[in-house]
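> Give the three-dimensional model of this entry:
(2 chains)
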Amino acid sequence: MIDTIQNIFAYDFMRNALFASLLVGVVCGLIGTLVVLNRIVFLGGGIAHAAYGGIGLAYYFGQDPMLGAILFSILSALGMGVVHLRTKARSDTLIGVMWSIGMAVGIIFVSLTPGFKADLMSYLFGSLLAVSGGDLLVMALVALLVIVFVLLFYRSLQAISFDETFSTVRNLPVAALYLMMLVMIGLTVVVAMRVVGLIMVIAMLTIPPATANLFLKDMKGMMLLSVGLSWLFSAAGLILAFALNLQAGSVIILVAALSYLAAAAYKKLSVHAKP
Amino acid sequence: MTGQAVIELEDVWAGYESDRVLEAVNFRMDAGDYVGLIGPNGGGKTTLIKVILGLIKPDRGSVRVMGVSPEKGRHFIGYVPQIQQDNKMFPIKVWDVVSMGRLKPHLLQNLYLKDADKTIVERSLRQMDILDLAKRPINELSGGQRQRVTIARALAAEPKILMLDEPTSSVDSRSSSKMYDLLAELNQSISILLISHDLTAISTYVKTIGCVNRRLVYGGQKEITSEMLSTAYECPVDLVAHGLPHRVLPSHQEEDNHD
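Numbers count the residues shown, from 1 in each chain, chains lettered A, B, ... in the order given. From the prediction side, this is the model:
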């Protein structure tokens, strides 16, 4: 077993894939916890899909699609953030609209671009095995940025997540902090896209924190356990995908989802077992 | 300490878009006061709170908190909101909730909790008699304990004014009467504004009482006047019980107990 795993990671592309999963695991564990606790999963999905507009545009103009994705996800994060802060109650409709506009723009520009576009699928469904050294560098930078962001603003982030009104009354810059958090979600989406694709990014953001939340009632603990769980799900999924010759991103998501269901069932049973 | 206005509203009109909720509200609360405002649901109690906290700008009129605008003065207010259902499940420990009272307006001042702040958080926990709960996650607490946590958080801000929104909803009657005893004690150094639809509970404890129902009737007296009644004739059923000694009606809070 150990030998097989050693053999698997003898390949350069498998090592890159593993490093990528580890870096993305850090980012998703930290930011995903904030997404789950702030109940902005839908907003996260919106940012991910709107990013496709940037990919399409970059493709059309012959630029790096990653660059387009970063630009679009940050812009859509800010746009959706402003909408969310201004119109609390009906923001989900507007986020849904921006979600679709991003996708539509992406699809139109991709179809306008002549030539072979097979790798565009990789942005939708991930291409963990094709992660390059450059990708890893971007991931490492984003991971560093997210770690610094969470470490510096932990108390304030916890406060706005728990009670936005009280934070406002304490004169915390709630809107600025909120928008910064959304920009971090935008960056997270772009790096997680390489692993599982933008369609499944939501799963990477939500499943590890949701699993952690079954057992821990503390944001710090949730963040750390989420990172650990992301690592576990990604490594297990990666090895399984290699062994079964399946698409890595999808296997990772299924491993994560099944683990979550198993953990939830265990939790339920153990609660009922107690008198 | 009395005589100085801590909250002043002059001819305040406020609402949402075309829906006017408050009309021509005049209100003055002085240092040392303990004011209870009652009113029916939908009568503008929450809007009044938001106006005082500067969360809604009034369409007309002026609001002053400690003599300045609400945005500048609200840090003097220890705000005790109604406990939201979705917040009960939030993964957070009592200590971390109460520490929020020490949040400062600049992000870089909130990197970590300084020792002086820790002392204040500890004192607030002790004041509410919940120091032993500090490490417990809030979802394991009873309604009464959670209420104390919320008040402790407000006290940690070292407020000049304590403002409570429906403090007895989701609290059983024993812990609510304990809470009122504590508030009476706190009132020796802090002005208190209490807003509720539950008259029986508050009328026994507050120093002065008023009624909000679109308009505000408040004259700084302890008795419910007929003017209050006619302005806020929709006031809760509990009103009937007022003045009848030892008669206790089932209060509205029971409806709120069920989630």
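
> Enumerate every residue touching residue 34.
Using chain A here. Residues counted as contacts of A:Leu34 (CB atoms under 8 Å, 6 or more residues apart in numbering or on different chains) are A:Leu157, A:Ser161, A:Met181, A:Met184, A:Ile185. Heads up, the C-betas are built off the backbone N, CA and C, glycines and all.

> my bad, chain B
Taking CB under 8 Å, 6+ apart, we find B:Tyr34 in contact with B:Leu183, B:Ala184, B:Asn187, B:Ser191, B:Ile192, B:Leu194, B:Tyr205, B:Val206, B:Lys207, B:Thr208.

> cutoff 6 Å now
Applying CB atoms under 6 Å, 6 or more residues apart in numbering or on different chains, we find B:Tyr34 in contact with B:Asn187, B:Ile192, B:Val206, B:Lys207.

> what's the answer for A:Met223, then?
Applying CB under 6 Å, 6+ apart, the residues near A:Met223 are A:Leu30, A:Thr33.

> Around chain B, which positions in the stretch 151-275 of chain A sit nearby?
Residues of the stretch 151-275 of chain A that fall close to chain B, judged by CB under 6 Å from any CB of the partner chain: A:153, A:155-156, A:159, A:162, A:169-172, A:213, A:217-219, A:222.

> Inside strands: which ones of these?
In strands, judged by DSSP state E, none of these are found.

> phi, psi of the residue in the stretch 101-250 of chain A positioned nearest to chain B?
Nearest residue of the stretch 101-250 of chain A to chain B, counting by CB to the nearest CB: A:Lys217, 3.4 Å away. Note on A:Lys217: backbone dihedrals following degrees, to the nearest 10 are phi -120, psi 60.

> could you pull out the strands for the stretch 101-250 of chain B?
Under the criterion DSSP state E, counting those that start in this stretch, the stretch 101-250 of chain B contains strands at B:161-165, B:191-196, B:208-213, B:215-217.

> Make JSON lines out of the ones you listed and add distance to chain A and mean pLDDT.
Formatted as JSON lines, those follow (distance: least, CB to the nearest CB, whole Å; pLDDT from 0 to 100):
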{"stretch": "strand B:161-165", "distance to chain A": "9", "mean pLDDT": "94"}
{"stretch": "strand B:191-196", "distance to chain A": "14", "mean pLDDT": "92"}
{"stretch": "strand B:208-213", "distance to chain A": "20", "mean pLDDT": "88"}
{"stretch": "strand B:215-217", "distance to chain A": "21", "mean pLDDT": "86"}
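
> could you redo those strands as JSON lines and give each row mean neighbour count?
Shown next, in JSON lines, are the strands of the stretch 101-250 of chain B (neighbours: other CB atoms under 10 Å in any protein chain shown):
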{"stretch": "strand B:161-165", "mean neighbour count": "23"}
{"stretch": "strand B:191-196", "mean neighbour count": "24"}
{"stretch": "strand B:208-213", "mean neighbour count": "23"}
{"stretch": "strand B:215-217", "mean neighbour count": "20"}
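
> With distance to A:Gly53 added, can I get those strands in a markdown table?
Compiled in a markdown table, the strands of the stretch 101-250 of chain B are given as follows (distance: least, CB to CB, whole Å):
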| stretch | distance to A:Gly53 |
| --- | --- |
| strand B:161-165 | 43 |
| strand B:191-196 | 47 |
| strand B:208-213 | 49 |
| strand B:215-217 | 51 |
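
> Leaving out chain neighbours, which residue sits closest to the residue of the stretch 101-250 of chain A closest to chain B?
Using CB to CB, 6 or more residues apart in numbering or on different chains and skipping the chain neighbours, the partner closest in space to A:Lys217 is B:Pro137 (3.4 Å).

> which one of the contacts of B:Tyr34 sits closest to B:Met179?
B:Met179 has its nearest neighbour among the contacts of B:Tyr34 in B:Ile192, at 11.7 Å by CB to CB.

> what's that closest one in contact with, if anything?
By CB under 6 Å, 6+ apart, B:Ile192 lies in contact with B:Tyr34, B:Leu162.

> Who is it paired with across the strands?
Note on B:Ile192: beta-bridge partners by DSSP bridges are B:Tyr34, B:Leu162.

> Using CSV, list the CA coordinates for the worst-scoring helix or strand of chain A on mean pLDDT.
Least confident element among the helices and strands of chain A, by mean pLDDT, DSSP states H and E: helix A:2-8 (a mean of 76). Extracted as CSV, the C-alpha positions of helix A:2-8 are listed here (Å, rounded to 0.1, in the frame of the first residue of the first chain):
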residue,chain,number,x,y,z
ILE,A,2,2.7,2.5,1.1
ASP,A,3,4.8,1.4,-1.9
THR,A,4,1.9,2.0,-4.3
ILE,A,5,1.4,5.5,-2.9
GLN,A,6,5.2,6.1,-3.2
ASN,A,7,5.0,5.0,-6.8
ILE,A,8,2.1,7.3,-7.5
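
> burial count for residue 103?
Using chain A here. Neighbour count of A:Met103, defined by other CB atoms under 10 Å in any protein chain shown: 18.

> right idea, wrong chain: chain B
With other CB under 10 Å as criterion, B:Leu103 counts 27.

> got a list of what it touches?
Applying CB under 6 Å, 6+ apart, one finds that B:Leu103 lies in contact with A:Ala159, A:Arg170, A:Leu172, B:Asn110.

> Quick check: it vs B:Ile7, distance?
Per CB to CB, to the nearest Å, B:Leu103 is found 22 Å from B:Ile7.

> ok, the closest residue to A:His84 other than its chain neighbours to A:Gly46 distance?
In this structure, A:His84 finds its nearest non-sequential neighbour in A:Ser91, 4.4 Å apart by CB to CB, 6+ apart. A:Ser91 sits 10 Å away from A:Gly46, going by CB to CB.

> which one of these two has more residues nearby?
Neighbour count, other CB under 10 Å: between A:Ser91 and A:Gly46, A:Gly46 has more, with 31 against 20.
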